[in-house]
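Asker: just coords:
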């Protein structure tokens, strides 16, 4: 094979870390191939709590550097993707029996200095933490912390009467799976090759480069790519790639931690999120979700094997219900749960005693035995862009490339408009396409931003949009997703490119899947 047929980087894994690294490298002029064995964001990166946040509770572990890095990133990311990310206010109800999670460094320190506190979180300590949260990250867009009277403010309605006041602070929402797709699209636009449903079965060092063997998951066909450097961003499968795919001798590994969430009918009318603290010291969020629902999560439970699909167990579901019912005035039950999902966080195994105490920061390790390999351990969605920059610091010494960091402030596809410009886009879309109602136009803008018009094309009426699959999902949009966003199956469309699965019936989703398979077969037949 000629030298020019060898790419600079081959990235294993189509989660947020893999596509983030691929985008950054491609933007520096490097040749990049990426393979994902399933759909993009099909594992951890679509199973998050959907938040860009600094990680308030990590301050209790003295992870100030991690929190600061994440806080700075919130506003950088907001500016780059205002269609899929937006500011959100978080309400933290307080009462005097708030407790630490057992064994946190802050709890131990306070217990040594003030033993009469017996693990409680005093109000002054929470306010101190929120003061740090407001000021560590150079906040410009987001509002600072305020104190809220729960007896008079709307956020107190429906919350148990024992909570007389709350603290309100800022973090951000993000559509996690769409974030992955947009990074992949931008990487491809800059020259990267992105392959979905393509599994890496082996990677062998041959002289000074890697020979990567791949298999098309749908057809079974095998083929090869060659690369000067391998990037292992396998997420929960990072250890499998090290030991089974590359057969590299390494003592490093990850601890798999399952985070489960439940979605209920809408539990409150306002658009703010609650952060609840349990008597066991843990926290959960209750987040307004997809207009008509509430998202509650998350748990922290060890997950035995990456090959086992994570699912919210009955025990985890009941834990979240009971936790939330300790705050809400009216109990929610199993009958109120309309959906649940789980994600597995591949946290770097630093030997911590509990799953919740493991570091959420990332660790990057390079192995150079003739042909280099970078292994990516851990990380969190808020800092994915910084992780990619840190990865490039590890990668660039192996290449004649001195191009610097470039991704900060560069808009994602569809994100080239002001942070406060969403309503203007919605209004403009309705003017251009009068057949849209407010709900439909808002969904399209929140998904595609300035590209919403590209999705709609020259349609002048609903009939021009083709077949209607349910919940205002049309043939024209699905064809666009298949052509531009790597969607192949109905689940890609209704659970990752959108959350329309919450509004569509099983039969409708099944019909959509049949249509997509027929459409793909027709394209292959024409070819």
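Answerer: Yep, it's here. All values reported here derive from a predicted model rather than from experimental measurement.
Asker: all helices for the stretch 151-300 of the chain, in order.
Answerer: Ranges of helices within the stretch 151-300 of the chain are 176-189, 238-240, based on DSSP state H, counting those that start in this stretch.
Asker: Out of the ones you listed, which is the most enclosed?
Answerer: helix 176-189 (a mean of 24; mean count of other CB atoms under 10 Å). Quick note: C-beta positions are derived from backbone N, CA and C, even for glycine.
Asker: hmm, which helix or strand of this protein has the shakiest average pLDDT?
Answerer: helix 105-113 (a mean of 78; mean pLDDT, DSSP states H and E).
Asker: List the buried residues for that one?
Answerer: Residues 106-107, 110 are the ones in helix 105-113 that count as buried (16 or more other CB atoms under 10 Å).
Asker: The helix or strand just after that helix packs against which elements?
Answerer: Next helix or strand after helix 105-113 toward the C-terminus (DSSP states H and E): helix 123-135. Helices and strands touching helix 123-135, by 3 or more CB pairs under 8 Å, 6 or more residues apart in numbering; DSSP states H and E, are helix 64-80, strand 85-94, strand 165-174.
Asker: would you turn the ones you listed into TSV with mean neighbour count, mean pLDDT and distance to residue 28?
Answerer: TSV is the format used below for the helices and strands packed on helix 123-135 (neighbours: other CB atoms under 10 Å; pLDDT from 0 to 100; distance: least, CB to CB, whole Å):
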stretch	mean neighbour count	mean pLDDT	distance to residue 28
helix 64-80	20	91	17
strand 85-94	21	96	24
strand 165-174	21	96	25
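Asker: Can you tell me which of these is nearest to residue 336?
Answerer: Closest to residue 336 of those is strand 85-94 (CB to CB; 20.4 Å).
Asker: what's the distance between the residue lying farthest from the centre of the chain and residue 404?
Answerer: In the chain, the residue that sits farthest from the middle, by CA atoms, centre = their mean, is residue 116; the gap is 40.4 Å. Distance of residue 116 to residue 404, given as CB to CB, to the nearest Å: 53 Å.
Asker: Compare the helices of the stretch 151-300 of the chain and say which comes out lowest on pLDDT.
Answerer: Note on those: helix 238-240 shows the lowest mean pLDDT, a mean of 93.
Asker: wait, doesn't residue 54 sit right on residue 64?
Answerer: No: the criterion here is CB atoms under 8 Å, and residue 54 misses it with residue 64 at 10.3 Å.
Asker: intersection of neighbour lists for those two?
Answerer: Taking CB atoms under 8 Å, 6 or more residues apart in numbering as the criterion, residue 54 and residue 64 both touch residue 136.
Asker: Would you mind measuring from residue 404 to residue 69?
Answerer: For residue 404 relative to residue 69 (CB to CB), the value is 19 Å.
Asker: repeat for residue 141
Answerer: Using CB to CB, residue 141 is found at 17 Å from residue 69.
Asker: just residue 167 next, same as before
Answerer: Here residue 167 is placed at a distance of 23 Å from residue 69 (CB to CB).
Asker: now swap in residue 173 and tell me
Answerer: From residue 173 over to residue 69 (counting by CB to CB), the distance is 19 Å.
Asker: Please name every helix or strand in contact with the strand or helix carrying residue 431.
Answerer: Here residue 431 sits within helix 422-432, counting by DSSP H and E. In terms of contacts (3+ CB pairs under 8 Å, 6+ apart), helix 422-432 is packed against helix 438-448, helix 452-456.
Asker: what does it contact?
Answerer: Identification of contacts with helix 422-432 by CB under 8 Å, 6+ apart yields 82-83, 86, 417, 436, 438, 441-442, 444-446, 449-450, 452-453, 456.
Asker: okay, the angle between that helix and strand 85-94?
Answerer: Helix 422-432 and strand 85-94 are oriented at 130 degrees to each other (axes from the mean of the first three to the mean of the last three CA atoms, to 10 degrees).
Asker: Which strand residues bridge the residue nearest to residue 204 when sequence neighbours are not counted?
Answerer: For residue 204, ignoring the flanking residues on the chain, the nearest one in space by CB to CB, 6 or more residues apart in numbering is residue 211 at 5.0 Å. The bridge-partner assignment for residue 211, based on DSSP bridges, gives residue 204, residue 226.
Asker: How about the contacts made by residue 211?
Answerer: Taking CB under 8 Å, 6+ apart as the test, what residue 211 contacts is 203-205, 224, 226.
Asker: Residue 155 reaches residue 269, doesn't it?
Answerer: No: look at residue 155 against residue 269 with CB under 8 Å: they stay out of range, at 10.1 Å.
Asker: which of those two has more neighbours?
Answerer: Set side by side, residue 155 and residue 269 show more neighbours around residue 155, with 21 against 9, by other CB atoms under 10 Å.
Asker: tell me the contacts of the more buried one?
Answerer: By CB under 8 Å, 6+ apart, the neighbours of residue 155 are 91, 148, 166, 168, 268, 270, 272, 274.
Asker: per-residue confidence at it?
Answerer: 97.
Asker: ok so, going back, could you redo the helices and strands packed on helix 422-432 as TSV and give each row mean pLDDT, distance to residue 364 and mean neighbour count?
Answerer: Listed next are the helices and strands packed on helix 422-432 as TSV, based on pLDDT from 0 to 100; distance: least, CB to CB, whole Å; neighbours: other CB atoms under 10 Å:
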stretch	mean pLDDT	distance to residue 364	mean neighbour count
helix 438-448	98	32	20
helix 452-456	98	36	19
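Asker: Redo those as JSON lines? Include distance to residue 392.
Answerer: Listed next are the helices and strands packed on helix 422-432 as JSON lines, based on distance: least, CB to CB, whole Å:
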{"stretch": "helix 438-448", "distance to residue 392": "29"}
{"stretch": "helix 452-456", "distance to residue 392": "30"}
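Asker: Now render the contacts of residue 155 as CSV, adding distance to residue 520.
Answerer: Below are those laid out as CSV (distance: CB to CB, whole Å):
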residue, distance to residue 520
91, 46
148, 52
166, 51
168, 48
268, 42
270, 43
272, 42
274, 43
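Asker: so what's the backbone phi/psi at residue 362?
Answerer: For residue 362, the backbone dihedrals (degrees, to the nearest 10) come out as phi -100, psi 160.
Asker: what about the stretch 201-350 of the chain, any weak spots by pLDDT?
Answerer: Along the stretch 201-350 of the chain, the model assigns pLDDT under 70 to residues 350.
Asker: Do a quick rundown of the strands in it.
Answerer: 209-216, 222-232, 254-265, 273-277, 283-289, 293-297, 301-302, 337-348 (DSSP state E, counting those that start in this stretch).
Asker: could I get those strands as CSV with distance to residue 132?
Answerer: Formatted as CSV, the strands of the stretch 201-350 of the chain follow (distance: least, CB to CB, whole Å):
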stretch, distance to residue 132
strand 209-216, 44
strand 222-232, 34
strand 254-265, 25
strand 273-277, 16
strand 283-289, 17
strand 293-297, 25
strand 301-302, 29
strand 337-348, 23
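Asker: hang on, the earlier thing: so for residue 120, which of the helices and strands packed on helix 422-432 sits nearest?
Answerer: Taking these one by one with CB to CB, helix 438-448 is closest: 40.7 Å.
Asker: Point out the other helices and strands that that closest one packs with.
Answerer: On a contact count with 3+ CB pairs under 8 Å, 6+ apart, helix 438-448 meets helix 422-432, helix 452-456.
Asker: hmm, 10 Å instead?
Answerer: With contacts taken as 3 or more CB pairs under 10 Å, 6 or more residues apart in numbering; DSSP states H and E, helix 438-448 sits against helix 176-189, helix 422-432, helix 452-456, strand 473-474, helix 475-484.
Asker: Which one of those lies nearest to residue 499?
Answerer: helix 176-189 (9.0 Å).
Asker: count of neighbours near residue 250?
Answerer: 13.
Asker: Once you drop chain neighbours, what's closest to it?
Answerer: Closest to residue 250 by CB to CB, 6+ apart is residue 242, at 5.2 Å.
Asker: Contacts only, for the one you found.
Answerer: Counting by CB atoms under 10 Å, 6 or more residues apart in numbering, residue 242 touches 232, 234, 248-250, 252-254, 365, 367, 373, 375.
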